[in-house]
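Engineer: I would like to see how this sequence folds:
(chains A, B, C and D, ligands or ions: 4)
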Amino acid sequence: MTVSMVKALNDGLRKALTDDPQVLLMGEDIGRLGGVFRVTDGLRKDFGELRVVDTPLGEAGIVGAAIGLAMRGYRPVCEIQFDGFVYPAVNQIITQLAKLRHRSAGRISLPVVIRIPYGGGIGSIEHHSESPETYFAHTAGLKVVTCATPNDAFHMIQQAVAEDDPVVFLEPKRHYWTKGEVAPATEVPLEQAVIRRAGTDVTLIAYGPTVPVALEAADIAAEEGRSVEVVDLRSLSPWDVTTVRASVHRTGRAVVAHEAAFSHGFGAEVAARLQDEEFHFLEAPVVRVTGYDTPYPPSRLESDWLPGVDRILNAIDRSLSY
Amino acid sequence: MTVSMVKALNDGLRKALTDDPQVLLMGEDIGRLGGVFRVTDGLRKDFGELRVVDTPLGEAGIVGAAIGLAMRGYRPVCEIQFDGFVYPAVNQIITQLAKLRHRSAGRISLPVVIRIPYGGGIGSIEHHSESPETYFAHTAGLKVVTCATPNDAFHMIQQAVAEDDPVVFLEPKRHYWTKGEVAPATEVPLEQAVIRRAGTDVTLIAYGPTVPVALEAADIAAEEGRSVEVVDLRSLSPWDVTTVRASVHRTGRAVVAHEAAFSHGFGAEVAARLQDEEFHFLEAPVVRVTGYDTPYPPSRLESDWLPGVDRILNAIDRSLSY
Amino acid sequence: MANAVQDPLSEASLADPPIQLLDPSGKLSTDARLPLDLATVDLPALYRDMALVRRLDTEAIALQRQGELGLWPSLRGQEAAQVGAAYALYDRDMVFPTYREHGVAWCRGLDPVSLLGLFRGTTLGGWDPYAHHFNLYTLVIGAQTLHAVGYGMGLYRDGSTGSGDPDRDTAVLAFLGDGALSEGETNEAFIWAAAQNLPVVFFCQNNQWAISAPYSVQSRIPAAQRAAGYGFPGIRVDGNDVLACLAATRQALDQARSGGGPTLIEAVTYRVNAHTTADDATRYRAAEETEDWTARDPLERLRAHLETTGAVTDEYFTDLEQRERDLAERLRAGCRGLADPDASSPFEHTYAQMPADLRQQLREHLEFVSTGPQDGEQK
Amino acid sequence: MANAVQDPLSEASLADPPIQLLDPSGKLSTDARLPLDLATVDLPALYRDMALVRRLDTEAIALQRQGELGLWPSLRGQEAAQVGAAYALYDRDMVFPTYREHGVAWCRGLDPVSLLGLFRGTTLGGWDPYAHHFNLYTLVIGAQTLHAVGYGMGLYRDGSTGSGDPDRDTAVLAFLGDGALSEGETNEAFIWAAAQNLPVVFFCQNNQWAISAPYSVQSRIPAAQRAAGYGFPGIRVDGNDVLACLAATRQALDQARSGGGPTLIEAVTYRVNAHTTADDATRYRAAEETEDWTARDPLERLRAHLETTGAVTDEYFTDLEQRERDLAERLRAGCRGLADPDASSPFEHTYAQMPADLRQQLREHLEFVSTGPQDGEQK
Ligand SMILES: Cc1ncc(C[n+]2csc(CCOP(=O)(O)OP(=O)(O)O)c2C)c(N)n1
Ligand SMILES: Cc1ncc(C[n+]2csc(CCOP(=O)(O)OP(=O)(O)O)c2C)c(N)n1
Ligand SMILES: [Mg+2]
Ligand SMILES: [Mg+2]
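Structural biologist: Numbering: from 1, shown residues only, chains lettered A, B, ... in the order given. Ligands and ions are numbered 1, 2, ... in the order given. Here you go, the predicted structure:
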């Protein structure tokens, strides 16, 4: 079955709602409207307004209330309308959601999913193109995942709902309308990285929005006789160091690509781990291709600002030139 | 003049208030009480309640109002009572304070300082020992600094107030009562790292609360014939890569110590930069000694959980064993 | 229950219609609660500005359809609220808008073309907030209300409120939507303004919808009543009545300037178009509702009044039509003329002085941008 | 101004004293706004619990002075508010406390020793929140009010509110301080509870101080009036009157359980001690104020009533004194007996299953902890 990522998410949420009566969705405009990206289209009609909840306009409220619902046995799936609007909820996420299992010595489970359409490249105005993953990945007690294909979207959202830990679920909005095959079942655990393309010369690490870009870069590199292995991380916290190390162990080189700012972006952690754990095997420094250390620019500038195919190819060149 | 860090900050703030009538302080309990750590002790009495403002109990309000005050020509210095209580202000900090200069193409300057007592080791209850520096250092548009000595406290707080950009000013509360010499003037720019102890075998990078710990470790290492160079970063955004590189260029080895969690902690960025820019000179991987990827533990566990002298010495051993 | 036990649901005000000074047929009335000296009001000017901002809005929508703008949040239906509020301002009063106050921007004297850049993607701002005492648009719901509060604290500290000097006293006007009432930050702004008696007027355009959420999702009582919870006055006016909006704002700003503290104004109005050009309102609201409200059009009633009373000549309308055409032309040309920003601009304006590392990033970026696609094949 | 223009400052309720059913001299009265059937109230039990929680508090302060606790937030002066509120609860009702509700915890049947761990640094929680329907303490001001709202949404979805079944209908009781009224999150909780008519009772102990900030920093009107801004009832009671607190909470919980929605209760009381043992209240408030309030002691008036009416015998007091001594002894022994947590516990409870990387960190940590100082010299 070939569907868009939006449809795959919709199907996955529908399945989660069907399979478990304790699952509910909540967020701004997710009911009647079906969400600004239509991810929840039709679900309110079929599951009712008590399970697909149009909330007041307050993100702290959404996450705070989800915590209380989870304490009462529900499995809330929150939608934050855009990446740039998650910040009013950060206090509830960091000081409450992430910590309550720890504080209660495991007595409180908070199976809360926070879905966030994220990343740039869609010509939006400000606050609609942010990549906040580091804030969450740096916060112990949260899981952070992101899907790059409709198939992953379908399965990962269900896996996220089934998790007993809070999951920040990042949806690369730039690929919402990209279509792909969806398999009825999956055997890949939520936390496992996937090698999207095998290669031998350099390991290219991507996730979410940069995965298709990385694959495109790998294609072009192949034409030039360079064999690029593309790893899709999928899970950012925890992240699958084992798969990445194994790949880099073979290739001796790594490039990591993300849209978030350079300093303290996800690539920093990848580089820090690899330089430590593969010190003797790295033939070149881990190269980072990322957004710059500026606020996200006006959309007329975004295509150059974002790590695109050419900047990734340059990084591969740089890595291979060592 | 030998004073505690609290007194040095108090003196620095007093000077800032005296020198510029547009400077004002605002926060919870900073007036009548003088702040829970007494950093603002006596200032309300001398500068009045309009310049040393006891605010309502709301951190979003504090930072949001500071933005408006700055737009009206003031230079507000906000106090967030403890590290763990900055999160309600994160929306104002990340989406507004950090971005308005950029959005206005430089027309809006927001000379706002956000003082935060931070870090652990004082036997406190939860939310009182956090190290949130990565969240801010990853946010373009903010400057982030931290002082490790009374002298730096005195000068850096004045430099921060004089900055035309927003500054997150992290005060290592564990060393609030440590005394030290304060010089009347400084020639060190706010953004420059300082070598606290020269050495030749390994570069030990620390900031804020871990600086005294690092110096202690270096002392012990010296007894064992190991020459450790200790760099105090002082500024975390931007950070002084030049000074750190120069040191590592000489020693060929680096250890970085901070209290914040391991994954995506400041050490990741340091390691990522060094493995890239000093690739041919690093004789060992950059080693990170940090808090663990768990929430901050109950205080009975904190001394082992924090990166103490022994863990730093272990890391130095590890680095030198390559 | 009485006294200490308050049940506002039972209060009469719920059923009360909002205060009106000009009814849909164009008839003037008075209301003891909201005096307005008509001698101080230039009705033809009010109408002209409402008509022009409607045209501005219509033109921007057209530009969006033509692909010249990425998005446009229409103010249609809210012209009276915005123009009425704006007419109450002194030049020196400071305005903190949301993203929909094109009508206020117009009245503040901004070049209307400068409103388009944000939506065209050529800028994140577009104008000098100090030149017209009109802050940049704020997209993060509620955030600007706290900036207004801080600015008001500044005014108070400057001695620019309650001084009694009519050339000095200044106020702040903060706009917000009905949805914004639910953000914690908005409520903190109310709290600060109340506790410190700040010269801030909160002007809530209750246009009945926050994207697809009807007002009932946010509250079960009128928005103006929110102020009662903090201890400052709330007033509810017909937001399609430019005179009521003007009168209420003038009264509230006067009070604020003179040291009388904050007011919350609820202008009961309607978002006639979808939330933005990207939205599809048919998914969540009935066409009849929109038709009902269109019948209460804010322009029509003032036009009817002007025509019935003969306050203006035919020439006024001919002239106005010409002005509208000129404005449309200016917007079209201006929009297409909005230059793409310089590739270096984000780097230049992130900090007062560009840090060394960022300068290095800029160097690499400019090299990359100028070299173009390295591999020739594609971008 | 009338009707649509509301000026709550002029409302009579400001001057109104809080509702009282038991005056400082121990005299009972009735109030039409707050009926209480005394046959349903066990006055000796109320007094006993107030006396015991005061002793608990006194003992905890002593333990802190002895270095056994790092910190203690005293409830002294707030015993009536807490015990009164707690007596109105059904077992199945869920409570969301702040960090000061030791009296409520006691009435919920928690082992009082378990309250000490958080302040001794041996745990971040200390009890099973589900066992006694009493959540962990929340230190982040206001955060718990939203959890209460979510729990209430859950009750509504379970059909456990407004069902008419007296064995089923359940409510939520959320505690907050006067300072907490200023946090955005608290206000969002009010908004959600109002708009969705949730079975949540907000119990605000207005103890006049938020650390060093007097109530006037937060608000210029009584806290109970905050509810009017959202459209649900607010009620203001004498927080040192255990009967008024019990009656108000019972009435509000009944209403919530039956589907009648939220209430905000303001219990006007006083924090007799400093904010915590780490605070020095002499820096910011006058001794006379504290003395004034001490004269309105919540225990004294009920004791006076019991003694005057002869409702209890001397034996009751002798027995109570013994119980107090037993409790103190239990706290002392229990506190010292609180074990340090296992070094692995933070790692074990961060996630449901420990991720591989964290397991590796734990391994290294345990190795480090067991090896002890590597270099022998020092720790
Ligand atoms: C903090 C935040 N959350 C969500 C959004 C997404 N959003 C944009 S406009 C809007 C509705 C705003 O409604 P209202 O305040 O009534 O203003 P209106 O659009 O009707 O003028 C929402 C939810 C946002 N911009 N900011
Ligand atoms: C979000 C947040 N900001 C600041 C603090 C620090 N703090 C702890 S208690 C307190 C005062 C609380 O006052 P109130 O709500 O009246 O409760 P009380 O202590 O009087 O019971 C403050 C400011 C905090 N715990 N959480
Ligand atoms: Mg609206
Ligand atoms: Mg209090």
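
Engineer: okay, the residue of the stretch 1-150 of chain A found nearest ligand 1: pLDDT?
Structural biologist: Nearest residue of the stretch 1-150 of chain A to ligand 1 (CB to the nearest ligand atom) works out as residue A:85 at 3.6 Å. In short, each C-beta sits where N, CA and C put it, glycine included. With respect to pLDDT, residue A:85 scores 98.

Engineer: before we move on, what about residue C:18?
Structural biologist: 97.

Engineer: is it true that residue C:140 touches residue A:128?
Structural biologist: No - using CB atoms under 8 Å, residue C:140 makes no contact with residue A:128, being 10.9 Å away.

Engineer: overlap in contacts of these two?
Structural biologist: residue A:84 (CB atoms under 8 Å, 6 or more residues apart in numbering or on different chains).

Engineer: How about the residues of the stretch 151-300 of chain A by chain B?
Structural biologist: A:237, A:260-261, A:263-269, A:271-272, A:274-277, A:279, A:282, A:284-288, A:292-295 (CB under 8 Å from any CB of the partner chain).

Engineer: out of those residues, which are buried?
Structural biologist: A:237, A:260-261, A:263-269, A:271-272, A:274-277, A:282, A:284-288, A:292-295 (16 or more other CB atoms under 10 Å in any protein chain shown).

Engineer: Out of the residues you listed, which sit inside strands?
Structural biologist: Using DSSP state E, the members of those that fall within strands are A:237, A:260, A:261, A:287, A:288.

Engineer: quick one, phi psi at the residue of the stretch 1-150 of chain A closest to ligand 1?
Structural biologist: Main-chain torsions, residue A:85, degrees, to the nearest 10: phi -110, psi 20.

Engineer: Count the residues that sit near it.
Structural biologist: 21 (other CB atoms under 10 Å in any protein chain shown).

Engineer: and what of residue A:314?
Structural biologist: So residue A:314, with other CB under 10 Å, has 21 neighbours.

Engineer: Packing partners of the strand or helix carrying it?
Structural biologist: For residue A:314, the host element (DSSP states H and E) is helix A:309-320. In this structure, helix A:309-320 packs against strand A:202-206, helix A:210-223, strand A:254-261, strand A:287-291, helix C:356-371, with contacts taken as 3 or more CB pairs under 8 Å, 6 or more residues apart in numbering or on different chains; DSSP states H and E.

Engineer: Just checking: what are the partner strands of the fourth one?
Structural biologist: Spelled out, that is strand A:287-291. strand A:254-261 (parallel) (DSSP bridges).

Engineer: the inter-axis angle of the partner strand versus helix A:210-223?
Structural biologist: 140 degrees (axes from the mean of the first three to the mean of the last three CA atoms, to 10 degrees).

Engineer: export strand A:254-261 as CSV, just CAs?
Structural biologist: Below are the C-alpha coordinates for strand A:254-261, written out as CSV (Å, rounded to 0.1, in the frame of the first residue of the first chain):
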residue,chain,number,x,y,z
ALA,A,254,31.4,9.7,9.1
VAL,A,255,29.3,12.6,8.1
VAL,A,256,26.2,13.6,10.1
ALA,A,257,23.5,15.9,8.7
HIS,A,258,20.7,17.7,10.5
GLU,A,259,18.7,20.9,10.3
ALA,A,260,19.2,22.0,13.9
ALA,A,261,21.9,24.6,14.6
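
Engineer: picking up where we left off before, nearest spatial neighbour of the residue of the stretch 1-150 of chain A closest to ligand 1, skipping sequence neighbours?
Structural biologist: residue A:59 (6.0 Å; CB to CB, 6 or more residues apart in numbering or on different chains).

Engineer: next one: residue A:170
Structural biologist: residue A:146 (3.9 Å).

Engineer: Just give the number of residues close to the one you found.
Structural biologist: Neighbours of residue A:146 (other CB under 10 Å): 28.

Engineer: quick one: contacts for the closest residue to residue C:69 other than its chain neighbours?
Structural biologist: Closest residue to residue C:69 apart from its sequence neighbours, by CB to CB, 6+ apart: residue C:119 at 4.5 Å. Neighbouring residues of residue C:119 by CB under 8 Å, 6+ apart: A:125, C:60, C:64, C:69, C:70, C:71, C:72.

Engineer: can I see the domain layout of chain A?
Structural biologist: A:2-181, A:194-320 (automatic domain parsing).

Engineer: Measure how far the first one is from the centre of its chain, please.
Structural biologist: Think domain A:2-181. 11 Å (CA atoms, centre = their mean, to the nearest Å).

Engineer: so how far is residue D:370 from the residue of the stretch 1-150 of chain A closest to ligand 1?
Structural biologist: Residue A:85 sits 47 Å away from residue D:370, going by CB to CB, to the nearest Å.
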